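Chemist: 3D model of this:
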Amino acid sequence: MALMEVELPPAAFDEDWQPAPHSCLVIRAPGMDTLKVPLAAEHTTLDDVSVWEWSGSAYDEGAEAAEWLSAYFGKPSRLVRFKEESEIRPTNPKYAQGYKITFTDCFPFLIASQGSLDAQNDLLKEHVPINRFRPNILVDGCHPYAEDLWKTIKINKLTFDGVKLCDRYKVKFPDLVLRLSMLATILS
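Modeler: As a prediction, this is how the structure comes out:
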């Protein structure tokens, strides 16, 4: 699942940011009613959550989210949120020594540029949308493939290290990526 069309206030990029009390994560998918998951809700803890090589505890986002995701994916699914007290694992020291991650296969961010997508599409008979590459940060205003060379990326008050290029495989299902956005209340 990837975040697409996320709208957050500039303050959301501050490490101390907390969502407004009535803020929700909104999940949309073709043929499904909109799911709204409160960001400030009380959570129960699920143990034995596994994502790639990581396992530990996570916050469960509830039965409604589980039913919605299970119906969409056609198999039992749950929406969980990272629990700060959970076990974390180190990144591959070959690329980023001294960093730790959770809930990701290798690294927490995948950055792509609109210029790279446009250059790629110039070479193809059928254009592909950016969601085929599944970045969670899309930038614009740079030369094609410039992001492949960036070592440090700054977005507002946050700094990201560019550590490794990411191979992408063919997506079998065009609707695999869910569209998520935040409610307007998060902007207040």
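
Chemist: show me the beta-bridge partners of S113.
Modeler: V139 (DSSP bridges).

Chemist: so who does it touch?
Modeler: Residues in contact with S113 (C-beta atoms under 8 Å, 6 or more residues apart in numbering) are L138, V139, D140, C142, P144, Y145, A146, E147. Heads up, the C-betas are built off the backbone N, CA and C, glycines and all.

Chemist: in terms of helices and strands, where is the residue of the chain most remote from its centre?
Modeler: Distance from the centre of the chain peaks at K125, with 29.0 Å (C-alpha atoms, centre = their mean). Under DSSP states H and E, no helix or strand contains K125.

Chemist: where's it relative to W17, distance?
Modeler: Distance, K125 to W17, by C-beta to C-beta, to the nearest Å: 44 Å.

Chemist: ok, back up a step: quick one: buried ones out of the contacts of S113?
Modeler: L138, V139, E147 (16 or more other C-beta atoms under 10 Å).

Chemist: do I have it right that the first one meets D118?
Modeler: No: at 12.0 Å, L138 and D118 do not qualify as touching, with contact defined as C-beta atoms under 8 Å.

Chemist: ok, for G115, nearest residue in space, not its chain neighbours?
Modeler: Excluding its sequence neighbours, the residue lying closest to G115 (C-beta to C-beta, 6 or more residues apart in numbering) is P144, at 4.3 Å.

Chemist: T44 now?
Modeler: T44 sits nearest to D60 (C-beta to C-beta, 6+ apart), 5.0 Å away.

Chemist: how about that neighbour, what does it touch?
Modeler: Residues near D60 by C-beta under 8 Å, 6+ apart: H43, T44, T45, L46, A66, R78, L79, V80.

Chemist: isn't G62 right up against V37?
Modeler: Yes: checked against C-beta under 8 Å, the pair G62 and V37 is within contact range at 7.4 Å.
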